[in-house]
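J.: Please work out how this folds:
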Amino acid sequence: MAGRLERLGAAVCVLAAALFPSYAASARVPTLELTPGTQEYRLAPYIEILEDPGKRYTIDEVTKAPLSESFQGTDQYAINFGPSNSAYWLRFTVYDRTSEFSTLSQWLLDLSWNHIGSARLYSPRTLHPERGAWRESERGNLYQSPRTVLGGLRPFFTLSGPRNEPCTYYVRVESSNSLFVPAYIRTVERYLAHQQNLTLFYGVYVGVLLSIALYNLLFYITLRQRVYLYYVFYVVFTSLYFLASVNLFQEWFLMSRPDLDFRLRMGLLSLAALPCFAFTRTFLLTAEHSPKLDKILQTAMVGWSVFVCLIPALPLSALDVGSSLMGLISPYFFFGAGLARYRAGFQPARYYTLAWGLLCIALSLYSFMHLGIVPPVESVLFLVQAVSATEAILLSYALADRIRTLRKESEEARRSERRYKVLAVTDELTQLYNARFFRAQLPLEIKKAESLGLPLSMIIMDIDDFKAMNDTYGHLTGDETLRSLGRVIANCVRERDIACRYGGEEFSIILPATLVNEAFDVAERVRLAFLEARRYSNSPDGAHSLSAGVAQWRPGEAPEEFLQHTDLALYAAKHAGKDRVLIAASEPGPRSSGT
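T.: Residues are numbered from 1 along each chain as shown. So this is what the prediction gives:
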């Protein structure tokens, strides 16, 4: 038990240290020794910090008591002041042991964060002491600084203190939004290699996102479905936001306005969020299948829209906190919406939910970094961008899966519709067409015969003495007799013939492109097959017969007249003694068959 409590206490301490980084007033931090074979050093363990709330302190003040004694070390991995209106002084000591004859001119102080509003390096002056004890390297507003052969707008300084002895430096930094100082000391070669790796990473990232955007834009042009257009806008504005995060726009357009740079980045972030809400609602079909969820998404979308309108007016510190919180909350809206629709049975939501689940983790770290909860390490930003590219790929795959799913559902719906249409025109007992289909189809077949000049014949048949059999043996036997005749008719007609149960025990067959003599042969074949089937059946009624009338359509004859014409032939067969086929009196050919 004691061991568990100790482990729990240790975990709480670690969590507290992560959430509430501290600055410890203690003995001087160690001197950073630069040794041969090492090209990069993380500076945070060697830095002491002094906060300047009023931004009034000078280099002469901070290097003398009492302010010089107020510097505090930090236990952060990388220095993160979070949203702050203060200026901060950083102090560190470097001892170059790389060469007896070298100076520190081959080493760079890389502050490694693009959005530090102002940074100044103070190094001991070895020449011209009359100008003061400290030499100031004014990087000031970094967006006004000329670019050098080292490239980029990242705040870096050349360290040029005295050689072969410890040298103490001071750096003053401030920012109008979140202030991170993940400082490193690097050789020029290492700095250039690092910049090349960053360029390659951002190039791959933007290339992936723009390729996906172009791919889905082609889908939109082809399919004209807005969900693809919303997705394209989301991907494009996300790419622009991350490009702004690495100073692309500041370099070319906003050299003198870092405040506009930050507002631009927040605007791009918001412009990425708004089409994402529209994409989510359209992709997940929330309006049709989940109205409550749809209202929540609409409300959140309105909140982002209001935030966009306030971007030009909000103080930068409030804008920083607001964008961090909204950037942290919004992915959980999308993740929750996808999870809810997936649990409701919408299968394409599984890839959507996975994509936003991954991004929720990465953006949570990024927002915590902006709020000063986690240290500002470049790997967090790289993680966000790598996960962002992965999310874009997963969302694109989710769109493809959505097409497959909706197409499958559409095919199933069409098959179901066809099945219901068949059931609507099919007699349940005999599986032949029903009377409704017969009445609808007869005029069509007459019109076809008239337009093509083809013959058209019809058979109407009736089971002899069916009512007496029903009364004697019951309805189950009667139903089995009707099913038996249905099977016989289905086996005797051609695929183009239309066999129907016309009513009770009456059946009709429409025979396109068939002369009356051919129709007579079909009717006779049905009569004999039915008689044979009933004779060898196990039913108690034994053999049973049917009577049939046959007629051929006469040009100009209406459907009702044609039906009556054929029906009269059936009545004549009944009156002639049943169990026979009789052609209508006006038709040529054999008049009757049977007993």
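J.: report the longest strand in this structure, please.
T.: When the chain is parsed with DSSP state E, its longest strand is strand 87-96.
J.: That one: partners in the sheet, and parallel or antiparallel?
T.: Strands that pair with strand 87-96, judged by DSSP bridges, come out as strand 32-34 (parallel), strand 48-52 (antiparallel), strand 167-174 (antiparallel).
J.: which residues touch the shortest one?
T.: When contacts are taken as CB atoms under 8 Å, 6 or more residues apart in numbering, the neighbours of strand 32-34 outside the stretch itself are 41, 43, 46, 92-98, 104, 107, 185. Using the backbone N, CA and C atoms, a C-beta is placed for each residue, glycine as well.
J.: Beyond that strand, next helix or strand please.
T.: strand 40-42 (DSSP states H and E).
J.: In that next one, which residues are buried?
T.: Using 16 or more other CB atoms under 10 Å as the test for burial, strand 40-42 gives 41-42.
J.: what do you get for stretch 339-352?
T.: Buried residues in stretch 339-352, counting neighbours by 16+ other CB under 10 Å, are found at 339-342, 346, 348-352.
J.: next one: stretch 69-86
T.: Here stretch 69-86 shows 71, 73-74, 76-84 as buried, counting by 16+ other CB under 10 Å.
J.: Over to stretch 431-449?
T.: 432-434, 437-438, 441-442, 445-446, 449.
J.: do the same with stretch 413-421
T.: Buried-residue list, stretch 413-421, by 16+ other CB under 10 Å: empty.
J.: With stretch 547-559 instead?
T.: Buried residues in stretch 547-559 (16+ other CB under 10 Å): 547-553, 557, 559.
J.: could you dump the residues you listed to a markdown table with secondary structure, distance to Lys467 and pLDDT?
T.: Formatted as a markdown table, the buried residues of stretch 547-559 follow (DSSP: H, G, I helix; E, B strand; the rest coil; distance: CB to CB, whole Å; pLDDT from 0 to 100):
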| residue | secondary structure | distance to Lys467 | pLDDT |
| --- | --- | --- | --- |
| Ser547 | strand | 14 | 93 |
| Ala548 | strand | 18 | 95 |
| Gly549 | strand | 19 | 95 |
| Val550 | strand | 24 | 96 |
| Ala551 | strand | 25 | 95 |
| Gln552 | strand | 30 | 95 |
| Trp553 | coil | 31 | 94 |
| Glu557 | coil | 31 | 92 |
| Pro559 | helix | 28 | 93 |
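J.: if we can go back for a sec, columns distance to Thr514 and pLDDT on top of the contacts of strand 32-34, output as a markdown table?
T.: Shown next, in a markdown table, are the contacts of strand 32-34 (distance: CB to CB, whole Å; pLDDT from 0 to 100):
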| residue | distance to Thr514 | pLDDT |
| --- | --- | --- |
| Tyr41 | 98 | 92 |
| Leu43 | 98 | 91 |
| Tyr46 | 103 | 93 |
| Phe92 | 104 | 94 |
| Thr93 | 109 | 93 |
| Val94 | 106 | 92 |
| Tyr95 | 110 | 89 |
| Asp96 | 108 | 83 |
| Arg97 | 109 | 79 |
| Thr98 | 105 | 76 |
| Leu104 | 106 | 45 |
| Trp107 | 102 | 84 |
| Ile185 | 99 | 91 |
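J.: Buried by neighbour count, from those: which ones?
T.: 41, 43, 46, 92-94, 96, 98, 104, 107, 185.
J.: Just name the closest of those residues to Ser137, please.
T.: Distance to Ser137 across these (CB to CB) is lowest for Leu104, with 12.6 Å.
J.: for this structure, what are the low-confidence residue spans?
T.: The chain contains residues with pLDDT under 70 at 1-28, 99-105, 114, 127-130, 138-154, 161-163, 246-259, 370-378, 536-543, 586-595.
J.: hmm, back to that, okay, the buried residues of stretch 69-86 in TSV with secondary structure and distance to Arg527 next?
T.: Output for those, formatted as TSV (DSSP: H, G, I helix; E, B strand; the rest coil; distance: CB to CB, whole Å):
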residue	secondary structure	distance to Arg527
Phe71	coil	114
Gly73	strand	109
Thr74	strand	104
Gln76	coil	100
Tyr77	coil	97
Ala78	coil	97
Ile79	strand	101
Asn80	strand	96
Phe81	strand	101
Gly82	strand	96
Pro83	strand	96
Ser84	coil	101
